[in-house]
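[1] can you look at this prediction? I've put the sequence above it.
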Amino acid sequence: MASRLIAPQRENNGEVKQKTVIADGRNRRVLQDIGNFVNERAAQGKNPITEGVGAVAQAVKGGGRAVTKVVAAQRKVGDKADKPKPETVIVISSDEKTEESRPVSRREGSSRKEVKTLTAILSARSKAACGLTNKHNDSIEDIDGADVGNELAVAEYVDDIYKFYKLTENDCQVHDYMDLQPDINAKMRSILVDWLIEVHRKFDLMPETLYLTMNIVDRILSMKVVQRKELQLVGISAMLIACKYEEIWAPEVNDFVFISDNAYAREQVLAMEKAILDKLEWYLTVPTPYVFLVRYIKASIPSDDKMEDLVFFLAELGLMQYPTVVLCCPSMLAAAAVYAARCTLDKSPLWSETLKHHTGYSEDQLKSWAKLLVKFHATAAESKLKAVYRKFSSPDRGAVALLSPAKSLLPNHHGE
């Protein structure tokens, strides 16, 4: 379509009247190659972009007339140039197009997985400079090798993350606090945990939520005197906080009021939630046993669903017992659960170099705690608190609670 130009025209009385005229297009030039496809010059090894820049640079050195000559020469070439043959155009499109419709713009065989980040390159150079590349132990398997292309697995940083967890786990671990609580005891705590596990299962919450809930409960009990009638209130308020931290869709306050049989009002739950957060100074990003469990299960090669379910069963049995939580740090509890599970399933070896490397614990360091977890397993069926036992007796958990406990770790085995 021809563009319309507004040309001023003066009338006899001196007034200016605008007149619309149609441009004939003689001064307009058809748009030529803008560099978005490969033309004949590029096929011959010449780069039209660099040539143009070089020509303009030379013209600038020669002064304004040279620039005019270069531009005029380019216009003549453009006017005489034949219409380029249609070739494959690389188009930046949306993700709706399939891979087959997109032409390959790089050399064959290249992929995103082969691209290394700057962090990976610097880490490799640092290890090489320190002589660590030649000290690799062949008996330690690379458990993160399959996750190199998965950005969510952060394979380059995962070792440093868990080193940080190990350094900070003592900051959030509670010590013996029952002497500070005149109205509650360890048995009452176990009853509360048993009920919270039932609530956790009823709401179908994430496993991270349960471990964070118990961490909050123990930390607040170690810092604040709680009356017996408020112990359940502390439990549901702690779970409410953990749900808001871990869950995508957290249960509402009224859900917790209902599941506690209306023992507390909505305002009481909110007030306790605020009191807990104030006391903890909003410190909720803590390494619970769960973060170590998922890592150590991954290092337990070979691992399957039964192994995973059994490890979580033993860990939750330990979570219910006050002495275990108070005296055993989160990483030790997780490693002991993995060791006890491997003994229960007769894995060989019982403790590998890979597990020793990633957990930082030897077999001798874990035996006493693993024996305690196996003892809890052996007595779970007869215990009055059966929430964990019922949970892991169901088929969806592989019914691992029904397995025979590890005989090698039970008392009076081989004279123990």
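    On my side now, so go ahead.

[2] rest of the way, CA atoms for contacts and neighbours
    OK.

[3] does Val226 sit in a helix, a strand or a coil?
    coil (DSSP: H, G, I helix; E, B strand; the rest coil).

[4] neighbours around the closest residue to it other than its chain neighbours, how many?
    Nearest residue to Val226 in three dimensions, chain neighbours excluded: Gln181, at 6.9 Å (C-alpha to C-alpha, 6 or more residues apart in numbering). The burial count assigned to Gln181 is 16, neighbours taken as other C-alpha atoms under 10 Å.

[5] contacting residues around Gln181?
    Leu221, Val225, Val226 (C-alpha atoms under 8 Å, 6 or more residues apart in numbering).

[6] would you confirm that the second one contacts Tyr177?
    This means Val225. No. If you go by C-alpha atoms under 8 Å, Val225 and Tyr177 don't touch, sitting 9.9 Å apart.

[7] ok, of the contacts of Gln181, which come out buried?
    Buried members of these, counted by 16 or more other C-alpha atoms under 10 Å: Leu221, Val226.

[8] let's have the contacts of Gln181 in JSON lines, adding pLDDT.
    Output for those, formatted as JSON lines (pLDDT from 0 to 100):
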{"residue": "Leu221", "pLDDT": "94"}
{"residue": "Val225", "pLDDT": "91"}
{"residue": "Val226", "pLDDT": "91"}
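
[9] among the contacts of Gln181, which one lies nearest to Ile301?
    Here the nearest of the contacts of Gln181 to Ile301, counting by C-alpha to C-alpha, is Leu221; it sits at 38.0 Å.

[10] near the closest residue in space to the closest one that isn't next to it in sequence, how many other residues are there?
    In space, Leu221 comes closest to Tyr177 once its chain neighbours are excluded; the distance is 7.2 Å by C-alpha to C-alpha, 6+ apart. By the criterion of other C-alpha under 10 Å, Tyr177 has 17 neighbours.

[11] what's the separation between Tyr177 and Ala146?
    Tyr177 sits at a distance of 44 Å from Ala146 (criterion: C-alpha to C-alpha, to the nearest Å).

[12] closest to Tyr165 among the contacts of Gln181?
    Leu221 (22.9 Å).

[13] hmm, the closest one is touching Asp179, no?
    No. Assessed by C-alpha under 8 Å, Leu221 is found out of contact with Asp179, at 10.8 Å.

[14] low-confidence ranges, this structure, go.
    For the chain, the stretches flagged by pLDDT under 70 are 1-138, 412-416.

[15] let's see it at 80
    1-139, 142-147, 149-151, 154, 303, 411-416 (pLDDT under 80).

[16] can you map out the strands along it?
    4-10, 16-22 (DSSP state E).

[17] can you tell me how far Ala299 is from Phe292?
    Distance, Ala299 to Phe292, using C-alpha to C-alpha: 11 Å.

[18] likewise Ile220?
    For Ile220, the distance to Phe292 - C-alpha to C-alpha - is 22 Å.

[19] kindly report the same for Gly318.
    14 Å.

[20] what's the answer for Glu141, then?
    Distance from Glu141 to Phe292, by C-alpha to C-alpha: 18 Å.

[21] of these two, which one has the most company?
    Taking other C-alpha under 10 Å, Glu141 and Phe292 do not tie; Phe292 has more neighbours (22 against 15).

[22] surely the more buried one meets Pro330?
    Yes. With contact defined as C-alpha under 8 Å, Phe292 reaches Pro330; the gap is 7.3 Å.

[23] care to break the protein down by domain?
    Split into domains by automatic domain parsing, the chain comes to 4-80, 118-145, 173-280, 289-415.

[24] about what we covered before: the residue nearest to Leu221 contacts Ser222, correct?
    Yes. The criterion here is C-alpha under 8 Å, and Tyr177 meets it with Ser222 at 5.1 Å.

[25] for the spatially closest residue to Val148 that is not a sequence neighbour, give me its contacts.
    With sequence-adjacent residues excluded and distances taken as C-alpha to C-alpha, 6+ apart, Val148 is closest to Ala155, at 5.8 Å. Contact partners of Ala155, counting by C-alpha under 8 Å, 6+ apart, are Asp144, Gly145, Asp147, Val148.

[26] can you tell me how far the closest residue to Gln227 other than its chain neighbours sits from Gln232?
    Leaving out its chain neighbours, the residue that sits closest to Gln227 by C-alpha to C-alpha, 6+ apart is Asp183, at 5.8 Å. Computed as C-alpha to C-alpha, the Asp183 to Gln232 distance reads 13 Å.

[27] so what touches stretch 187-195?
    For stretch 187-195, the external contacting residues (C-alpha under 8 Å, 6+ apart) are Met214, Leu231, Gln232, Gly235, Met320, Gln321, Tyr322, Leu385, Lys386, Ala387, Val388.

[28] 7 Å instead?
    Here stretch 187-195 makes contact (C-alpha atoms under 7 Å, 6 or more residues apart in numbering) with Gln232, Met320, Gln321, Leu385, Ala387.

[29] look up how far Leu373 lies from the closest residue to the third one other than its chain neighbours.
    When you say that, I think you mean Gln321. Once flanking residues are discounted, Gln321 sits nearest to Ser190: 6.3 Å by C-alpha to C-alpha, 6+ apart. As for Ser190, its distance to Leu373 is 15 Å (criterion: C-alpha to C-alpha).

[30] comparing those two, which residue is more hemmed in?
    Between Ser190 and Leu373, counted using other C-alpha under 10 Å, the more crowded position is Leu373 (28 against 16).
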